[in-house]
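A.B. asks: build the 3D model from these lines:
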Amino acid sequence: MNRGENPGEVAVSHKQEITRYSSDLVKRGLALVKRADPPAVAMFRADLQRTGLYKTRAVHRFKGVRWSVRDSAGHPSGHFCWSSPTIIDETVYVGGNPSLRALDLETGVEKWRFGTKGVIWSSPAVANGVVYFGSWDGNLYAVDARGGVEKWRFVTKEGILSSPAVNEKVVYFGSHDGHLYAVDVETGKEKWRFGTEDGIYSSPAVSGGAVFFGSQNGLFYALDLDTGKRKWTVQTDGFIWSSPAVNDGVVYFGSSDGNLYAVDAVTGKEEWRFNIDQAIVSSPAIVDRLLYVGGVPYVGGSIGTLFAVNILTGEERWRFETEGQIFCSPSIADSILYFGAFIGCCKGHLYALDARTGDERWSIETATRIYSSPTVADGVVCFQDSGGTLYAIS
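C.D. replies: Presented below is the predicted three-dimensional model:
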């Protein structure tokens, strides 16, 4: 304010200026939109239904690597980094060997790390300021998202690869001990458990009062969300690592038998199946009536293929062939499909495709394999390679 000006007059002047500016915007057909509040929950495959759809800005053109940071702990021989990053509140959370790291999304600077006694293949879920994740030491951990201080841990009998799903006051996850667990998020106390005959690597999806997951025993399960009682099962001819995706009352999942299954979420009745002639370890992603899933060639094969399938009919829309294997689950943002593949013993590729046509937009090569699934937030794609290097692409 200049000397001699009346504060009231200045305030009125500024108000008139703002009014004129707003009026001009309206005349030109523009609108001022309030920025949406950031989500309170973030987890593997974007949501409880595990659709892999991120409602955010995508990276349409590759401009460069914003940053890449290798885990200083490295990785023990034979233990590759599988954990996929979770992004919330401008922070990236990702598991490694044997720590969970929290890094600044803008700079890649590490904020804190939390050590366990096992490799962390589980991808973290963040809900209301708490990070939940499993470790091969057999524990599910709950730690403070700001400082990495442990709140509680829940002990299972074997390692945890399954990524937790947080639904209101309960966290659901599977263990290699063959059980799916429901645990209170506040206390870490068990609410119920359900036993299968083999380890559970599949990450549970939650929808319509049920929790869905597959087991190494080849069975796919639907359980009551509150009681853990079995609703139905589907038998496949292989093991199930694939995590399910749920959309409009239908559950989609893959099996090592080469089939992509679509079953009614209420009854378990098969709607259709699509055989890709490759093992399916990847989890499906869904958007605009299309489903995407990748394959791992059987012995003797070398071409891992990403398929786009009509979710209503199970008919192939298009395919994209790589020179490697697709363990990674595809992710979608703003009509761009991202997924990783690895070639031979060492190198990996991250691909960005047009989700409607399958045309390649861009790709980058990494020095080691890619098992981790990409996560998208505010025009940044994050993923981890098997050597523990976390990338931010913009």
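A.B. asks: next SSE after the lowest-mean-pLDDT helix or strand in the chain?
C.D. replies: Every helix and strand of the chain was ranked by mean pLDDT, DSSP states H and E. The lowest is helix 7-27, at a mean of 38. Reading on from helix 7-27 to the C-terminus, the next helix or strand found by DSSP states H and E is strand 41-42.
A.B. asks: neighbouring contacts of the helix or strand just after that following strand?
C.D. replies: Downstream of strand 41-42, the next assigned helix or strand under DSSP H and E is strand 65-70. Here strand 65-70 makes contact (Cβ atoms under 8 Å, 6 or more residues apart in numbering) with 103, 107-108, 110, 364, 380, 387-394. C-beta coordinates here come from the backbone N, C-alpha and C atoms, glycine included.
A.B. asks: residue ranges with poor pLDDT in this protein?
C.D. replies: By pLDDT under 70, the weakly predicted segments of the chain are 1-39, 73-79, 300.
A.B. asks: so Thr236 touches Gln216, yeah?
C.D. replies: No - assessed by Cβ atoms under 8 Å, Thr236 is found out of contact with Gln216, at 11.1 Å.
A.B. asks: neighbour count for the two, which is higher?
C.D. replies: Shown here are Thr236 and Gln216; by other Cβ atoms under 10 Å, Thr236 has more neighbours (23 against 20).
A.B. asks: name the nearest residue to the more buried one, ignoring sequence neighbours.
C.D. replies: Spatial nearest neighbour of Thr236, chain neighbours left out: Ser255 (3.9 Å); criterion: Cβ to Cβ, 6 or more residues apart in numbering.
A.B. asks: can you read off the backbone torsions of the one you found?
C.D. replies: phi -140, psi 160 (degrees, to the nearest 10).
A.B. asks: how close does it sit to Asp359?
C.D. replies: Separation of Ser255 from Asp359 (Cβ to Cβ, to the nearest Å): 29 Å.
A.B. asks: ok so, going back, which two in the contacts of strand 65-70 are spaced the farthest apart?
C.D. replies: Using Cβ to Cβ, the pair of the contacts of strand 65-70 lying farthest apart is Glu110 and Ile364, separated by 22.7 Å.
A.B. asks: returning to what we had before: tell me which of Ser255 and Asp359 has more neighbours.
C.D. replies: Set Ser255 next to Asp359 and count neighbours by other Cβ under 10 Å: Ser255 wins out with 25 against 10.
A.B. asks: list the contacts of Gly208.
C.D. replies: By Cβ under 8 Å, 6+ apart, the contact list for Gly208 reads 246, 249, 265-266.
A.B. asks: just Gln235 next, same as before
C.D. replies: 218-219.
A.B. asks: how far away is it from Asn275?
C.D. replies: 16 Å.
A.B. asks: what's the answer for Phe342, then?
C.D. replies: For Phe342 relative to Asn275 (Cβ to Cβ), the value is 23 Å.
A.B. asks: need the contacts of Gly208 in TSV with secondary structure, can you?
C.D. replies: Listed next are these as TSV, based on DSSP: H, G, I helix; E, B strand; the rest coil:
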residue	secondary structure
Val246	strand
Gly249	coil
Ala265	coil
Val266	coil
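A.B. asks: list buried residues within those.
C.D. replies: Buried members of those, scored by 16 or more other Cβ atoms under 10 Å, are 246, 265.
A.B. asks: return the member of the contacts of Gly208 nearest to Leu350.
C.D. replies: Proximity to Leu350 was ranked across these by Cβ to Cβ; first place goes to Val246, at 26.2 Å.
A.B. asks: who does that closest one bridge with?
C.D. replies: Beta bridges link Val246 to Val251, judged by DSSP bridges.
A.B. asks: please begin residue numbering at 22 from this point
C.D. replies: Noted, 22 is the first residue going forward, which turns the last one into Val267.
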